[in-house]
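Participant: Based on what follows, work out the 3D shape:
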Amino acid sequence: MVKHPETAELFREPGKTYLSPSRLAATLEVDLSVLAGALGVHPNTMRLHPESPRTQERMRDYNRVFQALVILKPNIRDAAFHMKNTPIRALGQRTLFEVVRCGDTDRALRYLQSMSGGQNG
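Facilitator: Down below sits the predicted model:
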């Protein structure tokens, strides 16, 4: 997968080596408590220990799917809108955000890979 330079570190915590829940929430325009629920972590854990293994593991899932989506929709805002709001028939009428929240990251990535290959979903 080719990463776009402007998105390669979009969710990175400035000056750190981990992904930032607040930057992901801001990009997707979701409340931090919604993101905490999607990540399966307590909001305090996300706020006080964003570098925790569970938080980072789940953040990487969202980052992988978002990076793949940006290949299809290079505009960050369009990609964020699509990730949160577009139900996809091939994914059971769920959005990419919902699919990742349910732990189906690989399914979301396969879908996006098929779209980049020209299939319709």
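Participant: who's in contact with Arg101?
Facilitator: Shown in contact with Arg101 (CB atoms under 8 Å, 6 or more residues apart in numbering): 37-38. For every residue, glycine as well, the C-beta is placed using N, CA and C.
Participant: I should have written Ser52 there, sorry.
Facilitator: 41, 45.
Participant: In which helix or strand does the residue nearest the centre of the chain reside?
Facilitator: Central residue of the chain (CA atoms, centre = their mean): Tyr62, 2.6 Å from the mean position. Tyr62 belongs to helix 53-72 when elements are defined using DSSP states H and E.
Participant: What values do phi and psi take at Ile88?
Facilitator: For Ile88, the backbone dihedrals (degrees, to the nearest 10) come out as phi -120, psi 120.
Participant: tell me the contacts of it?
Facilitator: Counting by CB under 8 Å, 6+ apart, Ile88 has contacts 94-96, 99, 111, 121.
Participant: please redo it, this time with the cut-off set to 10 Å
Facilitator: Applying CB atoms under 10 Å, 6 or more residues apart in numbering, we find Ile88 in contact with 82, 94-96, 98-99, 108, 111-112, 115, 121.
Participant: so which of these is the most crowded?
Facilitator: Sorting these by how many neighbours each has (other CB atoms under 10 Å) puts Leu96 first, at 28 neighbours.
Participant: wait, doesn't that one sit right on Gln67?
Facilitator: No: here Leu96 lies out of contact with Gln67, judged by CB atoms under 10 Å, at a distance of 11.8 Å.
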